[in-house]
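**Student:** return a 3D structure for these sequence lines:
(one chain, ligands or ions: 1)
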Amino acid sequence: MKALLGLNSVFHESSAALIVEGKLAALVEEERFSRVRHGKKACIDHTPILPYRAIDEALRTAGLRFEELDLVAYSYDPEARSAALPRLPKDFGVPEGDYGSSEGERRFKDLAMMTGPLLSARYGTAKPVRYLPHHACHLASAYCSCPWDETAVLSVDGIGETDTCSWGRGMMGRLVRLGGIEYPHSLGFLWEKVTQWMGFSPNHEEGTVMALAAYGDPARFAKALRALLRPNPDGTFTVDPELARFRAQDVDGLETVFGPRRLPEEPLQYQTGDRLHADAAAALQELTEEVLLNLARRVREEAGLPRLALSGGVALNCLANGNLARAGVFDELWAFPAAADCGTAFGAACLAWAEQHGPLPREEWAHAYKGASERPGAVERALAARRLKAIPLSDEQIVEKVARLLAKGKTVAWYEGVSEVGPRALCHRSILADPRKPEMRDHLNSRIKHRLPFRPYGPVVRAEDALRYFDIPASAMGPCRFMLAAVPVRPEARERIPAVAHEDGTTRPQLVTKAVHPRLHALLGAFGALTDVPVLVNTSFNDREPVVGTPQHAVDTWLRTELDALVLEDRLLVKP
Ligand SMILES: [Fe+2]
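**Tutor:** Predicted coordinates for the structure are as follows:
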């Protein structure tokens, strides 16, 4: 048995991936089991906190014991960071002892190098640990999951060792790096910093900033923002480190661009009067799209290939992905569904596999249901623990009953099979609702998900119906499997599905085929037969917590919230 464990644990989105005999057995995110969002917060002291729950769930899913592993691949290379740091430009506002300070970096390296001893202390057996470059892991995750043997690859995030972007070419099971951009020129960090300036939680609420962009006018800050972030003629981009002050606690530099920061308790200005925060978000989104397009053109030219596979946290920016698809720089796009750091556990395992056994283990991801398998009897135990009773139903019964509930305006939580990986719920851990009612967005935001009132919702639609409702360029079909491209809702469809049309008229659909999700495909058909609209609202099954991980989380979240019904595998529970 040849088996490798990939780990992402250096910053956040801690996760574990197992490659067994050249195939992915499971990619498990720690947060789904620990219930700590993103697994942990990135700080030097957290470096040795390893994702043991994710490792254990991945091993259980594969039916393996830790001692059966050949080696552990870690998606970060501490030595490479130490070697590269001296060549970086001067940083600003670095607190002593933190990332970027000499003492902090020494400690950071020492703690990251403890991975092997920590694992052997926990599992009682020593395994070699292979440290791999972070962006190589992002690129491998995109390449090894995409449909093509030959493709350009691009990853864009906050930071790896010192890279913030990296690109190359995948061909015949090998990856060649063609270029990269180093800190402090970081789009991911810029989004975190603007998120902080706006009074939100960095590395968590960037999606809120993206949603806010639809309400703003980018022109107001377009010029000022270019002092901070500037696309270069060679396709790269430059961030002004003195204005960005990425490692400082403050946002002083951003205040010179946008004005005083918003404190979390202060009102968010986006809808009436001075739309300060929406205008800032719109300017950031617009310039991000320009910078990414500029970079994509460089990658297209350098790689000389017509397709692009994307990864890195910035690849979760569905507006930028939609824009890139419409621009036609590439004929086809792929966005890796676990594009943020959790996916690097998979990339690390793939790279280590290739080092040991030959070409990269490539297999197109038809879907993202790659998490841990369910423990036998978990549904029965979860129901019994809350003294609930529900008899097993056939798929046809579930579909028919749920379609009727949804058509009556009820909200239905849907828990089924192996969890999806990445931040988008793709109808294995989802909340479904009727998109025909404009008030459904407000209901979900205020009563169930407890989010800000402008946060949009995406739809799920059968692939064969998608183009009747959404204007999807052919190049965006791949990202639309995973809700990773924003596309316009067709004007004639906007009043039919108002709950999923955002302020700017776009939405990020999930396209479902019968082969990938037969029961949901049937549900969309049944809902369409009742309402003439074969589209549903689809959002993650959670309320200010990580997406539910187990049947017990599902039952408890359903009980705690105002969700009307719960599909738990083959059971249906409806509140009176
Ligand atoms: Fe990353």
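
**Student:** up against the ion, what does the protein have?
**Tutor:** Applying Cβ under 5 Å from the ion, we find that the chain lies next to the ion at 157, 341. Heads up, the C-betas are built off the backbone N, CA and C, glycines and all.

**Student:** mind giving me the domain split of the chain?
**Tutor:** Following automatic domain parsing, one finds the domains of the chain at 3-144+339-357, 180-335, 378-574.

**Student:** would TSV of those domains with mean pLDDT be doable?
**Tutor:** Putting the domains of the chain into TSV (pLDDT from 0 to 100) gives the following:
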stretch	mean pLDDT
domain 3-144+339-357	96
domain 180-335	96
domain 378-574	97
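
**Student:** ok and the residue in the stretch 251-400 of the chain nearest the ion?
**Tutor:** The nearest approach of the stretch 251-400 of the chain to the ion comes at residue 341, 4.4 Å away (Cβ to the ion).

**Student:** next one: the stretch 351-500 of the chain
**Tutor:** Closest point on the stretch 351-500 of the chain to the ion, by Cβ to the ion, is residue 422, at 13.1 Å.

**Student:** who's in contact with that residue?
**Tutor:** 316, 336, 337, 338, 339, 340, 342, 343, 368, 482 (Cβ atoms under 8 Å, 6 or more residues apart in numbering).

**Student:** sorry, back to before: excluding its backbone neighbours, what's nearest the residue of the stretch 251-400 of the chain closest to the ion?
**Tutor:** residue 13 (4.0 Å; Cβ to Cβ, 6 or more residues apart in numbering).

**Student:** check residue 179 too.
**Tutor:** residue 167 (5.6 Å).

**Student:** and residue 459, by the same measure?
**Tutor:** Going by Cβ to Cβ, 6+ apart, residue 459 has residue 500 as its nearest residue, at 4.2 Å.

**Student:** what is the burial count for the one you found?
**Tutor:** 30 (other Cβ atoms under 10 Å).

**Student:** right, and it touches residue 533 too?
**Tutor:** No - shown here, residue 500 and residue 533 do not form a contact pair, counting by Cβ atoms under 8 Å, at 10.6 Å.

**Student:** and for those two, which residues touch both?
**Tutor:** residue 435.

**Student:** before we move on, the earlier item: need the contact list for the residue nearest to residue 459.
**Tutor:** Taking Cβ under 8 Å, 6+ apart, one finds 435, 441, 456, 457, 458, 459, 489, 507, 509, 535, 537 in contact with residue 500.

**Student:** between those residues, which has the most around it?
**Tutor:** residue 435 (31 neighbours).

**Student:** what are the contacting residues of the helix or strand harbouring residue 238?
**Tutor:** Residue 238 belongs to strand 237-239 when assigned by DSSP states H and E. For strand 237-239, the external contacting residues (Cβ under 8 Å, 6+ apart) are 181, 184-187, 189-190, 228-232, 291, 294-295.

**Student:** how about the contacts made by residue 3?
**Tutor:** By Cβ under 8 Å, 6+ apart, the neighbours of residue 3 are 18, 19, 20, 21, 25, 62, 64, 68, 69, 70.

**Student:** actually residue 573, sorry about that
**Tutor:** Contacts of residue 573 (Cβ under 8 Å, 6+ apart): 388, 390, 555, 558, 565, 566.

**Student:** and for residue 266?
**Tutor:** residue 199.

**Student:** give me the three-state assignment for it.
**Tutor:** coil (DSSP: H, G, I helix; E, B strand; the rest coil).

**Student:** I'd like the distance between it and residue 200.
**Tutor:** Distance, residue 266 to residue 200, by Cβ to Cβ, to the nearest Å: 12 Å.

**Student:** with residue 470 instead?
**Tutor:** In terms of Cβ to Cβ, residue 470 sits 28 Å off from residue 200.

**Student:** do the same with residue 157
**Tutor:** 19 Å.

**Student:** which one's more surrounded, those two?
**Tutor:** Per other Cβ under 10 Å, whichever of residue 157 and residue 200 has more neighbours is residue 157, with 27 against 21.

**Student:** from what I see, that one and residue 312 are in contact.
**Tutor:** Yes - here residue 157 reaches residue 312: they are 3.8 Å apart, a contact under Cβ under 8 Å.

**Student:** joint contacts of those two?
**Tutor:** 135, 138, 165, 188, 340.

**Student:** next up, the contacts around the first one.
**Tutor:** The neighbourhood of residue 135, defined by Cβ under 8 Å, 6+ apart, consists of 155, 157, 160, 163, 165, 166, 177, 180, 312.

**Student:** cool, residue 218 as well?
**Tutor:** 279, 282, 283, 285, 286, 287.

**Student:** in the one helix or strand the first one maps to, what's buried?
**Tutor:** For residue 279, the host element (DSSP H and E) is helix 276-303. In terms of neighbour count (16 or more other Cβ atoms under 10 Å), helix 276-303 has its buried residues at 276-296, 298-300, 303.

**Student:** helix or strand next in line after it, which one?
**Tutor:** The helix or strand immediately downstream of helix 276-303 is strand 307-311, counting by DSSP H and E.

**Student:** now for that next one, which elements pack on it?
**Tutor:** helix 134-145, strand 151-156, helix 276-303, strand 332-335 (3 or more Cβ pairs under 8 Å, 6 or more residues apart in numbering; DSSP states H and E).

**Student:** nearest to residue 350, of the contacts of residue 218?
**Tutor:** When the contacts of residue 218 are ranked by distance to residue 350 (Cβ to Cβ), residue 285 comes first, at 31.8 Å.

**Student:** just checking, that closest one touches residue 211?
**Tutor:** No - using Cβ under 8 Å, residue 285 is not in contact with residue 211, being 9.8 Å away.

**Student:** show me where the stretch 51-200 of the chain has helices.
**Tutor:** With DSSP state H, counting those that start in this stretch, the ranges of helices along the stretch 51-200 of the chain come out as 52-62, 78-84, 102-112, 115-123, 134-145, 187-197.

**Student:** ok so, going back, so how many other residues sit close to the residue nearest to residue 341?
**Tutor:** Neighbour number of residue 13 under other Cβ under 10 Å is 26.

**Student:** picking that back up, just the contacts of residue 422: which are in helices?
**Tutor:** With helices defined by DSSP state H, no entry of these lies inside them.

**Student:** can you redo the residues you listed as TSV with neighbour count?
**Tutor:** Rendered in TSV, the data for the contacts of residue 422 read as follows (neighbours: other Cβ atoms under 10 Å):
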residue	neighbour count
316	26
336	34
337	29
338	31
339	30
340	27
342	31
343	34
368	24
482	27
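
**Student:** in JSON lines: the residues you listed, plus distance to residue 329.
**Tutor:** Shown next, in JSON lines, are those (distance: Cβ to Cβ, whole Å):
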{"residue": "316", "distance to residue 329": "19"}
{"residue": "336", "distance to residue 329": "18"}
{"residue": "337", "distance to residue 329": "22"}
{"residue": "338", "distance to residue 329": "24"}
{"residue": "339", "distance to residue 329": "19"}
{"residue": "340", "distance to residue 329": "23"}
{"residue": "342", "distance to residue 329": "27"}
{"residue": "343", "distance to residue 329": "23"}
{"residue": "368", "distance to residue 329": "25"}
{"residue": "482", "distance to residue 329": "20"}
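
**Student:** now, among those residues, which is nearest to residue 270?
**Tutor:** residue 316 (21.4 Å).

**Student:** for residue 178, give its distance to the ion.
**Tutor:** For residue 178, the distance to the ion equals 18 Å [Cβ to the ion, to the nearest Å].
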